[in-house]
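Asks: can you look at this prediction? I've put the sequence above it.
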Amino acid sequence: MSATRAATPPGTRARVDGADPHEARRGSTLRRHAGLAAIAALLLVAASYGLEPFRNFQLATVAAYLCATAGLTVLTGLNGQLSLGHGALMATGAYTVALCQNAFADAGMTGGWLLPVSLGAAVLAALAVGAVVGVAAARLRGPYLAGVTLAVAVVVPALAVTFDGVFNGEQGLAVPVEPPPTFLGQYFPYERWQLWVTAAATLLALLLLANLVRSRYGRTFRAVRDDEVAARLAGIHVARTQVLAFVVSAAGAGLGGALLAVLAQSVSPGAFSLTLSLFLLMAVVIGGLGSLAGAAWGAVLLVVLPDLTHSLTERLTLSPALAQRVEGNLPLAIFGLTLVVVMIAAPGGVQGLLSRLARAVSARRPGRRRP
Amino acid sequence: MDRFVFLTLDGLSRGAVLAAFALALVLIWRAARIVNFAQGAMAVATAYVAYSVSAATGSYWLGFLAALVAGLLLGAAVDLVVMRFVDHASPLNPVIVALGLVLLIQAVLGMVYGSEFLPAGTPFSRNPLTVGGVAVLSPYDLFVFAAVAVVVVGLAWTFTRTAVGLRMRAAAFAPEVSRLLGVNVGGMLTLGWALASGVGALAGMLVIPTELGLHPHAMDLVFVSAFTAAVVGGLDSPPGAVVGGLAVGLLLSYVSGYAGSDLTPLAVLVLLLTVLLVRPAGLFAPVTARRV
């Protein structure tokens, strides 16, 4: 048994692995993924006109979280490395975007190309930090890796206070973002524009990740996860593969953090606490480790559950102070409880349950269960 | 020079608490091969129990006692209700479950007590005594040393001199053989969790008054420091945990005294990374090949 095997039951893996007999018939992976992305983009544009502004904003937040959870899925689900530090990597991306946008605003530059440049810089910054952490992580296993990344998650937000000359301490920085371009009309809703921007960035990132997962690199990721010795014997450079997985994952987290900062138009260390890192882990575990679809479920949960508890506490008649306490903490309690229950009862998460259900319904392939 | 003496003594006092907390981590690691990432949150929960009992009775010592009892019970409960059912095939699973417990415990504490810092009392003064014009330890520091010493000696005695301690070591070392010889392995595991959690509760009671106060996240950084201490000593070695705790305490004290308290988290991270990259098994563990 590999010491780094991730918490993925064999059932979910069958869906994700590249060895799909139907693959040749369905045509190139890239074309299929691009088609899916185009369909998703069309649906999102349609949804952005159908939904009210607040729902647009929520959908944009889901998209931003999805970048980070997809990155974490690649790392934990496909490569078997646990990271509790992805909140810190998101903070890296978010602060980079803030610094870039402020620098552009100070220099008096305007134009639609500024935001993509800032987002690119955020991804590069997260890549750099991820490479540093990843080189250390490639030498560590199990609880040691968890401990180091936990330390990163606790320490990095504190740096914003230590170097408050640059990062402005607990206050954080504002992120100036330009209004929607004028050719969309004068009364184009800002939330719809936000959704378009974040969804475009997220779909691009997901397209790249989905292709990576299906590629030779994705297969080496999984090989290293399942058995390091066997992978090494097959000629895979284990450490290099692990660093690469960490770097890719960090880029996803950095883009997610940057998009969150653009959505909120501000960054502060409080938004990137240890709790955020635990949330991300919770989201990918509950969604289902080992598949990007699971990452999507997780991102949806991260936005929907606080909303649900908010409406629940509004329903209850509580004193204002108590209501505030319950509202702030009930989602966390539910997340924590769900995480424990899912790990014990259904380690495949939502996506694992769905694929098991699909198999049971079709009943053509006998459901593969844990031996 | 006076400052150096003061910082050294202060560091040893901090280190004693970290040593106790690291010892709690080592206890569970030796018994169950799990790093209990929920240790900090569990310790905070017991500190809140102490706060409630002390507020109701007006006595620090009743609260202190309540925290220790709550720690023992909470540890046993976590093992019996949660950890026993976790699939240990991957080392990630217990870690993820422990993190779920962190979220759950911190959220419940936040709902019941709110997220403001509550004052945590001390039984003795924290003003340092002066010896020959040099500020040295406070009465509270002496209390910390005494409490940690009692725990360390008590645990050492339990594990080396008593029948229960022998059974616990046997259950951890060779569960199958111990079971055949009539040792209640599951019970020993639960006892190990209870003991570790009790020690963690004690450490929490000792450290929280020296920090900002009682808060659901009060132990986050303490946990990272204690984990570092346990890793410095080698996760398998109780004496290593004590030495590692004192070393980390001294480091924290010197860094905050000479370079600024903002930098202490960074110093802990650098130390943790350095130790793990240079000597991953810790300073006190024999070198072994990584098992795959």
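Replies: Okay, I see it.

Asks: buried residues, stretch A:338-353. List them.
Replies: A:338-340, A:342-344, A:347-353 (16 or more other Cβ atoms under 10 Å in any protein chain shown). All C-beta spots, glycine's among them, are computed from the backbone N, C-alpha and C.

Asks: so how far is it off the chain centroid?
Replies: Put simply, stretch A:338-353 sits 18 Å off its chain's centre (Cα atoms, centre = their mean, to the nearest Å).

Asks: hmm, back to that, of the buried residues of stretch A:338-353, which is the nearest to A:Gly218?
Replies: A:Gln351 (16.8 Å; Cβ to Cβ).

Asks: how about the residues of the stretch 251-371 of chain A near chain B?
Replies: A:273-275, A:278, A:281-282, A:285, A:321, A:325-326, A:328-333, A:335-340, A:343-344, A:347 (Cβ under 8 Å from any Cβ of the partner chain).

Asks: now these: which count as buried?
Replies: Neighbour-count burial (16+ other Cβ under 10 Å) applied to those gives A:273-275, A:278, A:281-282, A:285, A:325-326, A:328-333, A:335-340, A:343-344, A:347.

Asks: just the buried residues of stretch A:338-353: which are in strands?
Replies: When those are checked against strands (DSSP state E), there are no matches.

Asks: inside helices: which ones of these?
Replies: Judged by DSSP state H, these include A:338-340, A:342-344, A:349-353 as members of helices.

Asks: need those in a markdown table with pLDDT, can you?
Replies: Listed next are those as a markdown table, based on pLDDT from 0 to 100:
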| residue | pLDDT |
| --- | --- |
| A:Thr338 | 86 |
| A:Leu339 | 86 |
| A:Val340 | 89 |
| A:Val342 | 86 |
| A:Met343 | 85 |
| A:Ile344 | 85 |
| A:Gly349 | 74 |
| A:Val350 | 76 |
| A:Gln351 | 77 |
| A:Gly352 | 77 |
| A:Leu353 | 78 |
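
Asks: now, the most widely separated pair of those?
Replies: A:Val340 and A:Gln351 (18.7 Å).

Asks: and B:Ala31, what pLDDT?
Replies: B:Ala31 carries a pLDDT value of 85.

Asks: in three-state terms, how would it be classified?
Replies: Three-state call for B:Ala31 (DSSP: H, G, I helix; E, B strand; the rest coil): helix.

Asks: tally of neighbours for it?
Replies: B:Ala31 sits with 22 neighbouring residues when counted by other Cβ atoms under 10 Å in any protein chain shown.

Asks: how about A:Ala138?
Replies: 20.

Asks: torsion angles phi and psi at it?
Replies: Backbone torsions of A:Ala138, given as degrees, to the nearest 10, read phi -60, psi -20.

Asks: next up, the contacts around it.
Replies: A:Ala138 sits next to A:238-240, A:242-243, A:246 when contact means Cβ atoms under 8 Å, 6 or more residues apart in numbering or on different chains.

Asks: which of those residues lies closest to chain B?
Replies: The nearest member of these to chain B, counting by Cβ to the nearest Cβ, is A:Val238 at 10.0 Å.

Asks: pretty sure that closest one contacts A:Asp227?
Replies: No: assessed by Cβ atoms under 8 Å, A:Val238 is found out of contact with A:Asp227, at 10.2 Å.

Asks: what sits closest to B:Arg94 if chain neighbours are left out?
Replies: For residue B:94 the amino acid is Pro, not Arg. B:Ile34 (4.4 Å; Cβ to Cβ, 6 or more residues apart in numbering or on different chains).

Asks: wait, A:Val248
Replies: A:Val74 (5.8 Å).

Asks: the one you found and chain B, how far apart?
Replies: Shown here: A:Val74 relative to chain B, a distance of 15 Å by Cβ to the nearest Cβ, to the nearest Å.

Asks: for that residue, give its distance to A:Gly218.
Replies: Computed with Cβ to Cβ, to the nearest Å, the distance linking A:Val74 and A:Gly218 is 8 Å.

Asks: ditto for A:Arg139
Replies: For A:Arg139, the distance to A:Gly218 - Cβ to Cβ - is 23 Å.

Asks: so for the two, which residue has more residues nearby?
Replies: Each of A:Arg139 and A:Gly218 has its neighbours counted (other Cβ under 10 Å); A:Gly218 has more, 21 against 16.

Asks: which SSE is that one in?
Replies: helix A:216-226 (DSSP states H and E).

Asks: how near is B:Val112 to A:Leu312?
Replies: Distance from B:Val112 to A:Leu312, by Cβ to Cβ: 18 Å.

Asks: same question, B:Asn36
Replies: Counting by Cβ to Cβ, the gap from B:Asn36 to A:Leu312 is 32 Å.

Asks: more neighbours, the two?
Replies: B:Asn36 (29 against 13).

Asks: right, and the more buried one touches B:Ile28 too?
Replies: Yes: here B:Asn36 reaches B:Ile28: they are 4.7 Å apart, a contact under Cβ under 8 Å.

Asks: common neighbours of those two, please.
Replies: By Cβ under 8 Å, 6+ apart, the residues touching both B:Asn36 and B:Ile28 are B:Ala196.

Asks: tabulate the CA atom coordinates of stretch A:98-118 in PDB.
Replies: Extracted in PDB, the C-alpha atoms of stretch A:98-118 (Å, rounded to 0.1, in the frame of the first residue of the first chain):
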ATOM      1  CA  ALA A  98      -4.200  44.200  -5.900                       C
ATOM      2  CA  LEU A  99      -0.600  45.500  -6.200                       C
ATOM      3  CA  CYS A 100      -0.700  45.300 -10.000                       C
ATOM      4  CA  GLN A 101      -4.000  47.100 -10.300                       C
ATOM      5  CA  ASN A 102      -2.900  49.800  -7.900                       C
ATOM      6  CA  ALA A 103       0.300  50.300  -9.800                       C
ATOM      7  CA  PHE A 104      -1.600  50.600 -13.000                       C
ATOM      8  CA  ALA A 105      -4.100  53.000 -11.500                       C
ATOM      9  CA  ASP A 106      -1.300  55.100 -10.000                       C
ATOM     10  CA  ALA A 107       0.500  55.200 -13.400                       C
ATOM     11  CA  GLY A 108      -2.800  56.500 -14.900                       C
ATOM     12  CA  MET A 109      -3.100  53.600 -17.300                       C
ATOM     13  CA  THR A 110      -6.500  52.400 -18.600                       C
ATOM     14  CA  GLY A 111      -7.700  49.800 -20.900                       C
ATOM     15  CA  GLY A 112      -9.200  46.400 -21.100                       C
ATOM     16  CA  TRP A 113      -5.900  44.600 -21.300                       C
ATOM     17  CA  LEU A 114      -4.800  45.600 -17.700                       C
ATOM     18  CA  LEU A 115      -6.900  43.100 -15.800                       C
ATOM     19  CA  PRO A 116      -5.700  40.000 -17.800                       C
ATOM     20  CA  VAL A 117      -2.100  41.300 -17.300                       C
ATOM     21  CA  SER A 118      -2.700  41.500 -13.500                       C
END
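
Asks: which positions in that stretch come out as buried?
Replies: Using 16+ other Cβ under 10 Å as the test for burial, stretch A:98-118 gives A:98-101, A:104-105, A:114-115, A:118.

Asks: likewise for stretch A:318-327?
Replies: Neighbour count says stretch A:318-327 has A:325-327 buried, by 16+ other Cβ under 10 Å.

Asks: which outside residues touch the least confident helix or strand in chain B by mean pLDDT?
Replies: Of all helical and strand segments in chain B, the minimum by mean pLDDT, DSSP states H and E falls on strand B:134-135, at a mean of 72. For strand B:134-135, the surrounding residues in contact (Cβ under 8 Å, 6+ apart) are B:2, B:5-6, B:128-129.

Asks: wait, which of the residues you listed is closest to chain A?
Replies: When the contacts of strand B:134-135 are compared against chain A (criterion: Cβ to the nearest Cβ), the nearest one is B:Phe6, at 23.7 Å.
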